[in-house]
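# missing the sequence, but the structure's below:
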């Protein structure tokens, strides 16, 4: 079943998909037969097969695709098993986002969160210790493997939010580091 | 001696794999149902289910030796196949089977003990002139002794759990100042994983290839090897992609290493299927690492190039039959590659990706074999290993096997969880892998991208997200902005408008 065959609108709509590295895809008129990505005309079709898979067809190739997360304008898409995250902006909201991002990058604190669910085997730093980027700061056991977790930045340990033997879930906050 | 009934003391794809061979031999199969996955796929393949769900036991079901023995006896089952994993390598379990006159599909308890203890295994290899790495022939008692040995053989060295396997309890030590910390980590991990903190030390070969030989022997003194498997694509000592044969071997090296593997098997009067693992350095010197006394995850690549059914042979050997072939009958034909499909998020450091499989669609072709332990609606839990399926692909030569594997991975569709499929594609499309120029440091040193990404993939993903977002905006417009007609007004909007009147 083809899903993208909505009637083309007469109005001209532009959206900007911004990825986590701030790369932009300017997408014009996504419903129409005249889709343009970064000013280039592309022919992409969306299908759903009888087994319930959604896939795109582009240049005669099939791409398994799925929206796995969606929160207002923030999307995570799995394409051929690989995750891509975007915020989808209109030209107006894009200006606002640029302003907000600028504010955020001035922040001084880096938060280390659990890369996977597991158990804290050891915490190798204390509050106020100085760490270098990559220096191991804790040991997390997951699936019976002990993993050294390194500091994402150089700086001073501001807060240790976990202790030895704690069980943690993915994305749990572990340690705050002051840059 | 003929086995009529078989308990499969394992789960997942290997349980289903064992059922297939047992059915072929007309053997009735029993499976164990656990509370952790009462709807698992393997349960629909066995003839009878033994229910372990109402268990208040602390010990995980597949580690509970006495309970499994008890269930086998009360159901009058002839034999147990342990698959791979803990029970397959437990000399205690094999011994309990021997005591209770249950036919354990595998080698004898004493052989499992000898080979399971890496220091004894090394001594046996040493005695039979199989090349070994320098190091402690026995265990090392503390960091001080480890430093002494390391100084005499030179850094880097590797600490390994004597009872180990699968990469656990292993630590590479680059210099003396690291030894104390690494020794502590290796022993604590060994203690946790194997209930035995003993470690030994050996010279660490930088960037070796991992080559293993499949051997098989019967209870009548017949020993053959079935060629090698290359398992150099590893991350943190975990194998991710295997092939048979290996580009690193020629016929004479294959013969030499095969004979070394057999001399170890003969030294301990081995019977059943087993694997002798070697490291191969850049100058093609090989060193004995360990022997695994069980069927291995990657056995299908050997089956594909030899045309044999290893589990069937294991069962036949267990019921005292002689091997149906000799060394000269073994011909390696073509090339086979196995991709492990693990429920892991490659983009998040291979962390386990738990959840439910919404949809699954397998590629189909005469060159493709899929050993899967899951189906639609299977739940991936944190209780078990993350491997959910294996894709094994054949080609007339390596180049074709690689291309066929890529094509198969492109058609292997899973919805609901992330898997290692994009990783396998990244390996198979890598220039150096294609050339056969790789070793165990391949992932760490050569792979810039751990997942495969086509040039236009991100643009396509951006398009799909934008399409969905724009469609939602459109819906909002038509539902809420219809204010002039006074229809389909959301109560929330209406309320707000009324207030501002």
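Arrived safely. Values in this document were obtained by computation on a predicted structure and should not be read as measured data.
# Any residues of the stretch 401-501 of chain B in contact with chain A? List them.
B:410, B:413-415, B:418-419, B:421-422, B:451-454, B:456-471, B:474 (C-beta under 8 Å from any C-beta of the partner chain). (Glycine included, C-beta is placed from N, CA and C.)
# Could you turn the buried ones of those residues into a PyMOL selection?
In PyMOL, this line selects whichever of these come out buried by 16 or more other C-beta atoms under 10 Å in any protein chain shown:
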select buried, chain B and resi 410+413+414+415+418+419+421+422+451+452+454+456+457+458+459+460+461+462+463+464+465+466+467+468+469+470
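# Excluding chain neighbours, give the residue nearest to the residue of chain A found nearest chain B in space.
Residue nearest to chain B within chain A: residue A:116 (3.1 Å; C-beta to the nearest C-beta). The shortest distance from residue A:116 to any non-neighbouring residue, by C-beta to C-beta, 6 or more residues apart in numbering or on different chains, is to residue B:351 (3.1 Å).
# dump the residue contacts of the nearest residue in space to residue B:174 that is not next to it in sequence.
Spatially, and ignoring its direct neighbours in sequence, residue B:174 is nearest to residue B:156 (5.0 Å; C-beta to C-beta, 6+ apart). Applying C-beta atoms under 8 Å, 6 or more residues apart in numbering or on different chains, we find residue B:156 in contact with B:172-174, B:204, B:206.
# try residue B:42
B:8, B:11-13, B:15-16, B:19, B:31, B:373.
# before we move on, what about residue B:413?
With C-beta under 8 Å, 6+ apart, residue B:413 has these contacts: A:53, A:64, B:359-361.
# Just give me the closest of these to residue A:97.
residue A:64 (29.3 Å; C-beta to C-beta).
# Go ahead and confirm residue B:249 touches residue B:228.
Yes - applying C-beta atoms under 8 Å as the test, residue B:249 and residue B:228 come out as touching, 6.0 Å apart.
# and for those two, which residues touch both?
Common neighbours of residue B:249 and residue B:228 (C-beta under 8 Å, 6+ apart) are B:211, B:257.
# Who has more neighbours out of these two?
Neighbour count, other C-beta atoms under 10 Å in any protein chain shown: between residue B:249 and residue B:228, residue B:228 has more, with 28 against 21.
# Three-state assignment for residue B:455, please.
Secondary structure, DSSP: H, G, I helix; E, B strand; the rest coil: residue B:455 is coil.
# and residue B:188, what is it in contact with?
So residue B:188 contacts A:121, B:197 (C-beta under 8 Å, 6+ apart).
# following the one helix or strand it maps to, which helix or strand comes up?
For residue B:188, the host element (DSSP states H and E) is helix B:176-194. The C-terminal neighbour of helix B:176-194 among helices and strands, as given by DSSP H and E, is strand B:199-203.
# other SSEs contacting that next one?
Where contact means 3 or more C-beta pairs under 8 Å, 6 or more residues apart in numbering or on different chains; DSSP states H and E, strand B:199-203 is packed against helix B:118-127, helix B:143-153, strand B:157-161, helix B:176-194.
# The same query, at a cut-off of 10 Å, please.
The contact analysis (3 or more C-beta pairs under 10 Å, 6 or more residues apart in numbering or on different chains; DSSP states H and E) places strand B:199-203 against helix B:118-127, helix B:143-153, strand B:157-161, strand B:171-173, helix B:176-194, strand B:286-292.
# can I get those in a markdown table with mean pLDDT?
Converted to a markdown table, the helices and strands packed on strand B:199-203 look like this (pLDDT from 0 to 100):
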| stretch | mean pLDDT |
| --- | --- |
| helix B:118-127 | 91 |
| helix B:143-153 | 94 |
| strand B:157-161 | 92 |
| strand B:171-173 | 93 |
| helix B:176-194 | 91 |
| strand B:286-292 | 95 |
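# Check these for me and report the most buried one.
strand B:157-161 (a mean of 26; mean count of other C-beta atoms under 10 Å in any protein chain shown).
# orientation of that one relative to helix B:118-127 in degrees?
Angle, strand B:157-161 to helix B:118-127, by axes from the mean of the first three to the mean of the last three C-alpha atoms, to 10 degrees: 120 degrees.
# circling back to that earlier point, the inter-axis angle of the helix holding residue B:188 versus strand B:199-203?
130 degrees.
# Which members of the contacts of residue B:413 are the farthest-apart pair?
A:64 and B:360 (11.5 Å).
# Helix, strand, or coil at the residue positioned nearest the centre of chain B?
What sits nearest the mean C-alpha location of chain B, by C-alpha atoms, centre = their mean, is residue B:297, with 4.4 Å. Assigned by three-state DSSP, the conformation of residue B:297 is coil.
# who's in contact with residue A:128?
A:156-158, A:160, A:178 (C-beta atoms under 10 Å, 6 or more residues apart in numbering or on different chains).
# returning to what we had before: do I have it right that the residue nearest to the centre of chain B meets residue B:341?
No - the criterion here is C-beta atoms under 10 Å, and residue B:297 misses it with residue B:341 at 11.7 Å.
# what residues are shared contacts of these two?
Contacts common to residue B:297 and residue B:341, judged by C-beta under 10 Å, 6+ apart, are B:13, B:371, B:387, B:390.
# which residues does the most centrally placed residue in chain A bridge with?
Residue closest to the average C-alpha location in chain A (C-alpha atoms, centre = their mean): residue A:85, at 4.0 Å. Note on residue A:85: beta-bridge partners residue A:76, judged by DSSP bridges.
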